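> Sequence below, structure please.
(one chain, ligands or ions: 1)
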Amino acid sequence: MILSKISLINYKNIVSKDFTLDSNINCFTGNNGVGKTTILDAVHYLAFGKSYFNPIASQNIKHGEDFFVVDGTFEKKGNEERIVCSLKKGQKKSIKRNGKVYDKLSNHLGLIPLVMISPSDRDLIIEGSETRRKFMDNVISQSNKKYLQNLISYNKVLTQRNALLKYFALNNTFDGTTLEVYNEQLCAFGNDIYQERVAFLDAFIPIFKNRYALISGNSEQIDLSYDSQLNEQTLSELLVANLAKDRVLQYTSVGLHKDDLKFEIDGYPIKKFGSQGQQKSFLIALKLAQFDFIKNISHVKPILLLDDIFDKLDESRVTHLVQLVNDDTFGQIFISDTHSERTEEVVKKTNQSYKIFKL
Ligand SMILES: Nc1ncnc2c1ncn2[C@@H]1O[C@H](COP(=O)(O)OP(=O)(O)OP(=O)(O)O)[C@@H](O)[C@H]1O
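As a prediction, the model looks like this:
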């Protein structure tokens, strides 16, 4: 899938802009705040029906205006797909494919595979476990609809179980039979989710390590592992063993919603012991592995958005990255950078066609 044209109206700081794009590399350069990331974000909007950065849809409308439109034309094997995302203040957002409004956003997801790499991915390292679970869940659910369904069902039962624990505490009562019904449902959905996460990481971790080695030139050992209470005990055993604690806490303290991913460098947590460049390399490797994973499953090369990617990387890592881009693993790429000359230098070294848009 190649994005051949995009136009933005009132999207964040962009009043009105149209771009006719290259099928390989597109670079957006300019000073801080001119709107480079905004353009990449608009491409993300076309694929996922939402901003990568601001989940509150109305805040993506340019200040003082009352609507935005992002209009993209994609080409796939000679066929055109026109996707138009728009939002008018006070109304529901609309996503149209070839003039027809989608009933549900979920029907659009998957049509345009895309991976964004951005400085805000640092949240994956510095924030709590929820961010890392979300990353894992997003990658798995892009190719596994049943996983997403199980996840939704698990969270629903979890909310009900927590409400019941609260009810017990408030009313000084306990009903083991009702709780058991929730436990059984939680275990049924939870075990499926656990198995899928194990299988996913078995496939994902070697791809990730390979990507990291290529970017860093093998200069340090990194590790990614699955940290789950279910690695030691079944969910059913965990629920029984922690019942007294859960009744005191009035919520479910064990389960898949506590899973995490452990990121390490030379055996130590990367959050505390990785340099900025090493952390950045780790995140790029993680996202490139996501790219590979989606590509292997969907047999389509996702669009790759590289937001401010060269910052903090030394020359040899930038060179390795460019070499990566040069093999035919990748499809269309969008790059944003403050240094126009640096970008041009870098993309010139690839054997790909490119366009540089100076904003
Ligand atoms: N709803 C909005 N209306 C108007 N401006 C907005 C809105 N949301 C964000 N902005 C502004 O858009 C501008 C462009 O941001 P963007 O992140 O695209 O810049 P950039 O060119 O990538 O800069 P940098 O080099 O600093 O990363 C910023 O000044 C930001 O404050």
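
> What residues does the stretch 51-200 of the chain have near the ligand?
Proximity of the stretch 51-200 of the chain to the ligand (Cβ under 6 Å from any ligand atom) is limited to residues Gln59, Asn60, Ile61, Lys62, His63. For glycine as for every other residue, the C-beta is placed from the backbone atoms N, C-alpha and C.

> Would you convert those residues into JSON lines that also reports neighbour count?
Formatted as JSON lines, those follow (neighbours: other Cβ atoms under 10 Å):
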{"residue": "Gln59", "neighbour count": "11"}
{"residue": "Asn60", "neighbour count": "23"}
{"residue": "Ile61", "neighbour count": "18"}
{"residue": "Lys62", "neighbour count": "18"}
{"residue": "His63", "neighbour count": "8"}
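
> quick one: which of those residues is nearest to Lys166?
Gln59 (33.3 Å; Cβ to Cβ).

> Confirm that the closest one sits in a helix.
Yes. Counting by DSSP: H, G, I helix; E, B strand; the rest coil, Gln59 is part of a helix.

> thinking again about what came up before, ok, so of the residues of the stretch 51-200 of the chain next to the ligand, who is nearest Gln352?
Nearest member of these to Gln352, counting by Cβ to Cβ, is Asn60, at 30.6 Å.

> and the gap between that closest one and Lys5?
As judged by Cβ to Cβ, to the nearest Å, Asn60 and Lys5 stand 20 Å apart.

> before we move on, what about Gly274?
40 Å.

> Those two: which is more packed in?
More crowded of Gly274 and Lys5, by other Cβ atoms under 10 Å: Gly274, with 21 against 15.

> quick one, helices of the stretch 51-200 of the chain?
123-126, 129-143, 145-171, 176-216 (DSSP state H, counting those that start in this stretch).

> Phe74: which of those is closest?
helix 129-143 (17.6 Å).

> mean confidence score for the closest one?
Mean per-residue pLDDT for helix 129-143: 91.

> Can you check what angle separates it from helix 145-171?
With axes from the mean of the first three to the mean of the last three Cα atoms, to 10 degrees defining the directions, helix 129-143 sits at 140 degrees from helix 145-171.

> what's the offset of helix 129-143 from the middle of its chain?
7 Å (Cα atoms, centre = their mean, to the nearest Å).

> and if you look at stretch 32-52?
14 Å.

> now swap in stretch 172-185 and tell me
Distance of stretch 172-185 from its chain centroid, counting by Cα atoms, centre = their mean, is 36 Å.

> now do stretch 119-139
8 Å.

> what's the answer for stretch 254-270, then?
Using Cα atoms, centre = their mean, the offset of stretch 254-270 from its chain centre is 18 Å.

> buried residues in it?
Val254, Gly255, Leu256, His257, Asp259, Asp260, Leu261, Phe263, Glu264, Ile265, Ile270 (16 or more other Cβ atoms under 10 Å).

> OK, contacts around the residue in the stretch 101-250 of the chain that the ligand sits nearest to?
Going by Cβ to the nearest ligand atom, the ligand is nearest to Pro119 of the stretch 101-250 of the chain, at 7.8 Å. Counting by Cβ atoms under 8 Å, 6 or more residues apart in numbering, Pro119 makes contact with Asp307, Asp308, Asp311.

> One more: Ile294?
Contacts of Ile294 by Cβ under 8 Å, 6+ apart are Pro113, Val115, Val139, Gln142, Ser143, Val300, Pro302.

> that older thread, comparing the helices of the stretch 51-200 of the chain, which yields the minimum mean pLDDT?
helix 129-143 (a mean of 91).

> pretty sure Lys295 contacts Phe330?
No. The pair Lys295 / Phe330 is not scored as a contact, 9.0 Å apart, by Cβ atoms under 8 Å.

> Now for Lys88, how many residues are close by?
15.

> Next one: it from the ligand, what distance?
Lys88 sits 14 Å away from the ligand, going by Cβ to the nearest ligand atom, to the nearest Å.

> thinking that residue is in contact with Asp66, fair?
Yes. Applying Cβ under 8 Å, one finds Lys88 in contact with Asp66, separated by 6.3 Å.

> among the contacts of Pro119, which are in helices?
Among the contacts of Pro119, no residue falls in helices (DSSP state H).
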